[in-house]
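> Sequence first, then the predicted structure, then my questions.
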Amino acid sequence: MKDMNEDQVRGAVRERYAKIATLQGGSCCGGGSSCCSVDEMAATSAHLGYSSAELEAVPAGSNLGLGCGNPQAIAALQPGETVLDLGSGAGFDCFLAARQVGAEGRVIGVDMTPDMLSRARANAEEGGYANVDFRLGEIEHLPVADGSVDVILSNCVINLSPDKGQVFREAHRVLKPGGRLAISDVVALQALPEALRHDLDAYGGCVAGAAQVGEVEELLRAVGFRDVQVRVKEESRAFIQEWFPGSGAEAYVASATIEARRQ
């Protein structure tokens, strides 16, 4: 990744996830290059905290096994709420959220990869999700109106952005007063080695772009969020080790839940 500008980083990430979106019958787990069967993806998601009922409730092909946690578990979604998913992929978390907010609620998924968006829209049509809307866009420039969202979800996506401060500014803009963040993401526990930090594959695999915990907290507070909480999940080191075997990435990064509220 050395000497690559922000647009080049986004382009590389978009290309990686476009390839994942067009794979038939399975996708790539975590940051690794190997591919998973449907059963392996379900097992991965179960390990991340999704119940068997949740996994069975969504359209086939919407779960690509790409997360690092379960933001639904901390979101406390209520009927009638408007939910925004940053980096919605094939729609997995959007469809789960749609069940919780009900017919009176609304779910918006934003993804910058056209192939992923096409897959998500096909899944929505297959599942009959009339209250889910998928939009093409970058999470640094959300195609969403000011003050229109109750809850923002995201699952292992913000680490991929080269401008996390702008992501949080946009999140603050689109949330209603009192609106909240419920995010699962990868964070850095200490400075990454140069070789790992400049590895483009590790960037696309949700490791090299991870911000340190203190930086995440500072960025959120700087744009106006309160009640900021970043909780590191030490047990996540086990599956991060599987993403890049032999790299030692698990010594530097871990999955975390990130919560905050707009004033």
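Thanks, I have it.
> ok, residue 126 to residue 180 distance?
Counting by C-beta to C-beta, to the nearest Å, the separation of residue 126 from residue 180 is 30 Å. From N, CA and C alone the C-beta is placed, and that goes for glycine too.
> Between those two, tell me which one has more neighbours.
Using other C-beta atoms under 10 Å as the criterion, residue 126 and residue 180 rank with residue 180 on top: 20 against 12.
> Just to check, that one is in contact with residue 171?
No. Counting by C-beta atoms under 8 Å, residue 171 is not a contact partner of residue 180; they are 10.2 Å apart.
> intersection of neighbour lists for those two?
Each of residue 152 lies in contact with both residue 180 and residue 171 under the rule C-beta atoms under 8 Å, 6 or more residues apart in numbering.
> Run a quick neighbour tally on residue 134.
By other C-beta under 10 Å, the residues close to residue 134 number 24.
> Tell me where the stretch 101-250 of the chain has strands.
Ranges of strands within the stretch 101-250 of the chain are 106-111, 132-136, 149-155, 175-188, 225-233, based on DSSP state E, counting those that start in this stretch.
> In CSV, list those strands along with distance to residue 57 and mean pLDDT.
As requested, the strands of the stretch 101-250 of the chain are arranged in CSV below (distance: least, C-beta to C-beta, whole Å; pLDDT from 0 to 100):
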stretch, distance to residue 57, mean pLDDT
strand 106-111, 14, 98
strand 132-136, 13, 98
strand 149-155, 16, 98
strand 175-188, 19, 97
strand 225-233, 24, 97
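> Using JSON lines, lay out those together with distance to residue 96.
Compiled in JSON lines, those are given as follows (distance: least, C-beta to C-beta, whole Å):
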{"stretch": "strand 106-111", "distance to residue 96": "9"}
{"stretch": "strand 132-136", "distance to residue 96": "11"}
{"stretch": "strand 149-155", "distance to residue 96": "9"}
{"stretch": "strand 175-188", "distance to residue 96": "12"}
{"stretch": "strand 225-233", "distance to residue 96": "19"}
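> how about low-confidence regions in this structure?
1-4, 24-42, 44, 46-47 (pLDDT under 70).
> and residue 165, which of the strands of the stretch 101-250 of the chain is closest to it?
Ranking those by proximity to residue 165 (C-beta to C-beta) places strand 225-233 first, at 11.9 Å.
> Hey, what's the angle from the closest one to strand 175-188? Just curious.
Angle of strand 225-233 versus strand 175-188, following axes from the mean of the first three to the mean of the last three C-alpha atoms, to 10 degrees, is 30 degrees.
> Can you give me the buried ones in strand 225-233?
Buried residues in strand 225-233, counted by 16 or more other C-beta atoms under 10 Å: 225, 228, 230, 233.
> Same question for stretch 62-72.
62-72.
> again, but for stretch 204-221
Residues 204-213, 216-217, 219-220 are the ones in stretch 204-221 that count as buried (16+ other C-beta under 10 Å).
> For those, which two are the farthest from each other?
Among the buried residues of stretch 204-221, 204 and 217 lie farthest apart (C-beta to C-beta), at 25.1 Å.
> need the contact list for the nearest residue to residue 114 once chain neighbours are set aside.
Excluding the flanking residues, the one nearest residue 114 by C-beta to C-beta, 6 or more residues apart in numbering is residue 136, at 6.3 Å. Neighbouring residues of residue 136 by C-beta under 8 Å, 6+ apart: 110-112, 114, 117, 143.
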